[in-house]
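Asker: Sharing a model that was predicted from the sequence below.
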Amino acid sequence: MRARKVEGLDPSAPLADQAQRIVLTRLEEVEAFVPAVFDAAEVEALHDMRIAAKRLRYVLETMAEPCFGPYAAEAAERTKALQDLLGDVHDCDVLLPRVRALLDRAREEDRLEARRRGGDRRDLPAKAVRGLPHASSRRGLETLELYVQARREHLFERFLLLWRDLEREGLGSRLRYAITERPVPR
């Protein structure tokens with residue numbers, strides 16, 4: 001996912017004003033994935049929201065203290081939690097097809113071995129599938145597949161709850177306000 005261009009940046013303007021533009025653009029990027037991310041099948045939207053959250057987090061971590069009000073640092077922490085959770089979901093989305101590909105390959109190799117064992121007999125005896133080379137691996141991969149599926153579902157539900165909490169806390173509106181505040185000089 002490409003980052004949105006931040007419009008109106010002026011290198012001669014105060015840093016806080018420019019950082020405000022950047023944060024606002026990055027926040028809008030994160031919010032742009034709603035409501036697509038509420039569909040568990042929208043793998044790409046979930047991944048892209050994670051990337052957008054990472055961009056927002058980094059600018060907040062860099063600019064919160066010198067440029068903005070106190071809530072900006074808290075928003076960075078909440079954005080990190082969002083990014084981390086979406087990262088865990090993405091890990092499952094990447095792992096699951098790999099596990100399935102290995103499982104498919106093991107099944108195919110065992111199927112071919114069972115056929116080979118049948119030789120030129122009129123019918124394939126049931127014992128041809130006993131002790132196939134990948135039987136143990138297939139069981140392990142099937143268990144892993146179930147685990148990754150269940151973990152992904154669990155993490156996605158946690159994401160929905162976290163997003164609901166962020167909305168209830170008013171993350172977007174509170175951050176929009178915080179980036180207009182300027183710290184009191186010491």
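Answerer: Looks like it came in fine. Residues are numbered from 1 along each chain as shown.

Asker: List the contacts of the closest residue to residue 15 other than its chain neighbours.
Answerer: The spatial neighbour of residue 15 that comes closest, neighbours along the chain excluded (Cβ to Cβ, 6 or more residues apart in numbering), is residue 67 at 6.2 Å. Any C-beta I mention is one placed from the backbone N, CA and C, and that applies to glycine too. Counting by Cβ atoms under 8 Å, 6 or more residues apart in numbering, residue 67 touches 15-16, 19-20, 179, 182-183.

Asker: Could you do residue 43 as well?
Answerer: By Cβ under 8 Å, 6+ apart, the contact set of residue 43 is 90, 93.

Asker: Centre of the chain to the lengthiest helix in the chain, how far?
Answerer: Of all segments of type helix in the chain, defined using DSSP state H, the longest is helix 71-118. Its chain's average C-alpha position is 11 Å from that of helix 71-118, according to Cα atoms, centre = their mean, to the nearest Å.

Asker: tell me the mean pLDDT for that helix?
Answerer: Within the predicted structure, the mean pLDDT of helix 71-118 is 97.

Asker: Quick check: next helix or strand after that helix?
Answerer: Scanning forward in sequence from helix 71-118, with DSSP states H and E defining helices and strands, the next element found is helix 135-169.

Asker: Show me what that next one packs onto, helices and strands only.
Answerer: helix 71-118 (3 or more Cβ pairs under 8 Å, 6 or more residues apart in numbering; DSSP states H and E).

Asker: how about stretch 156-173: buried residues?
Answerer: The neighbour-count criterion (16 or more other Cβ atoms under 10 Å) identifies 156, 159, 162-163, 166, 171 as the buried residues of stretch 156-173.

Asker: Distance from it to the middle of the chain?
Answerer: For stretch 156-173, the distance to the chain centre is 15 Å (Cα atoms, centre = their mean).

Asker: And for stretch 45-59?
Answerer: For stretch 45-59, the distance between its averaged C-alpha position and the chain's averaged C-alpha position is 9 Å (Cα atoms, centre = their mean).

Asker: Many thanks, have a good one.
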